[in-house]
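K.L.:
one predicted model, sequence on top.
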Amino acid sequence: MKWMVQKRWFQVLSFLILLFLLILLLNYTKFIFVPILQYIGAIAFPLIAAGVLYYLTRPLMHFFERRLKIGRILSIILVFLVIILLISLFIMFIWPIIQRQITNLMYGIPGMIAAVEDFVFFWQANYTSIPDQILSAIEDFVGDIPNHVQNILDYLFGFLGGFIGQVISIVAGLVITPFFLFFMLKDGEKLVPFILQIFTEKKADNIRSLLGKIDTVLSAFIQGQLLVSFCVGVLLYIGYLIIDLDFALILALFGMMTNVIPYLGPFIAVTPALLVGTLQDPINFIWVAIIMIIAQQIESNLISPNVMGQALNVHPLTVMTVIIAAGSIAGFLGILFAVPVYAVVRTIILHFYQTYVASKENKDDALI
């Protein structure tokens, strides 16, 4: 029996059995965790927002501490002043342009619809050159438009039903976020020693190493991905201005926000730009595509390698698979958080595997 216990396959099988039993036990006792999950859901937005801001502003706080030779509290106050300054500059200089372009977009929607209708009429007038399968699909879609409209209205009314509660939650989250950020910046470095004090010295060193790796991965992803997205947004805006594309700032900001989603973000970003550009001038379809390709090439070959480096070290095919799976399970939030969650889980698994291999090698060396 002893020789069987020492076999690798037996240890793996025992681990899987215990894991499935744990999942089964959690499923039967899930009523215990419902209040905890509700509490986590209530503070999730301000906690995540503060966490993102923490990784963005922590280097700035350390910069103020080193360069200005001031204490932690004064450094945090300066960080908040910088945030307020950036928000004020956005409201004064960028928001009026966005507001004007949104107004122009609302006035321009009827013209865009008319252009699409003209295209459809032209298509119908030349239907003889269109395959029957495509015509049948178009007719089925057009005939089913009332059902599509009804589904959209049902969704909108369902969404508006909880809109007030969502607004209150978002406002409350925005109010709480600065407090979370303040204490994260002030006491964030005390968290690891607080956790490690319950472990022995050897285990504490191992867990400290793991937490350091997780911190590096999250820092690289959040700082790198947001900085890369900002650079892509600037490149798109410059390109859209060069070709005099309508609603250039809105489309560039949309591209900057969607670029946060790795690999799939650029395809989402270019869709409205292609549509607006084509309706403005058909040749713009080619120019917008070229601008997006150039921006992505600059980002993938110059910006990302220097900003994010190899900290994540995740294969693109793995990233796309994880994003698609997370999107089907958790929707947009799944797509947004798929890569960092996967990177953290992967870091944890690799760390414990390396620890296991190192301990086994040490044991073998001791026997020799």
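P.N.:
On my side now, so go ahead. Just so you know, these numbers come straight off a predicted model, no measurement behind them.

K.L.:
only C-alpha atoms from now on, for both contacts and neighbour counts.
P.N.:
Will do.

K.L.:
what comes up buried for stretch 56-66?
P.N.:
56-58, 60-62, 64-65 (16 or more other Cα atoms under 10 Å).

K.L.:
what about that stretch, distance to the chain center?
P.N.:
24 Å (Cα atoms, centre = their mean, to the nearest Å).

K.L.:
just to revisit the earlier point, need the buried residues of stretch 56-66 in a markdown table with secondary structure, can you?
P.N.:
As requested, the buried residues of stretch 56-66 are arranged in a markdown table below (DSSP: H, G, I helix; E, B strand; the rest coil):
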| residue | secondary structure |
| --- | --- |
| Leu56 | helix |
| Thr57 | helix |
| Arg58 | helix |
| Leu60 | helix |
| Met61 | helix |
| His62 | helix |
| Phe64 | helix |
| Glu65 | helix |
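
K.L.:
how about these, which pair is most distant?
P.N.:
Greatest spatial distance among those (Cα to Cα): Leu56 and Glu65, at 15.7 Å.

K.L.:
how near is Leu350 to Val344?
P.N.:
To Val344, Leu350 is 10 Å away according to Cα to Cα, to the nearest Å.

K.L.:
shouldn't Leu174 be in contact with Pro46?
P.N.:
Yes. Between Leu174 and Pro46 there is a contact under Cα atoms under 8 Å: 6.5 Å.

K.L.:
settle it for me: which of Leu350 and Val344 has more neighbours?
P.N.:
Val344 (19 against 13; other Cα atoms under 10 Å).

K.L.:
three-state assignment of the more buried one?
P.N.:
helix.

K.L.:
before we move on, the earlier item: with distance to Gln297 added, can I get the buried residues of stretch 56-66 in CSV?
P.N.:
Formatted as CSV, those follow (distance: Cα to Cα, whole Å):
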residue, distance to Gln297
Leu56, 25
Thr57, 28
Arg58, 30
Leu60, 29
Met61, 33
His62, 33
Phe64, 35
Glu65, 37
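
K.L.:
can you tell me which of these is closest to Ile250?
P.N.:
Leu56 (23.9 Å).

K.L.:
so the closest one touches Ile222, yeah?
P.N.:
Yes. Leu56 is within contact range of Ile222, at 7.4 Å (criterion: Cα under 8 Å).

K.L.:
residues in contact with Glu65?
P.N.:
By Cα atoms under 8 Å, 6 or more residues apart in numbering, the contact set of Glu65 is 71-72, 75.

K.L.:
who wins for neighbours among the residues you listed?
P.N.:
Ser75 (23 neighbours).

K.L.:
what strand or helix carries that one?
P.N.:
Element membership of Ser75 [criterion: DSSP states H and E] is helix 72-89.
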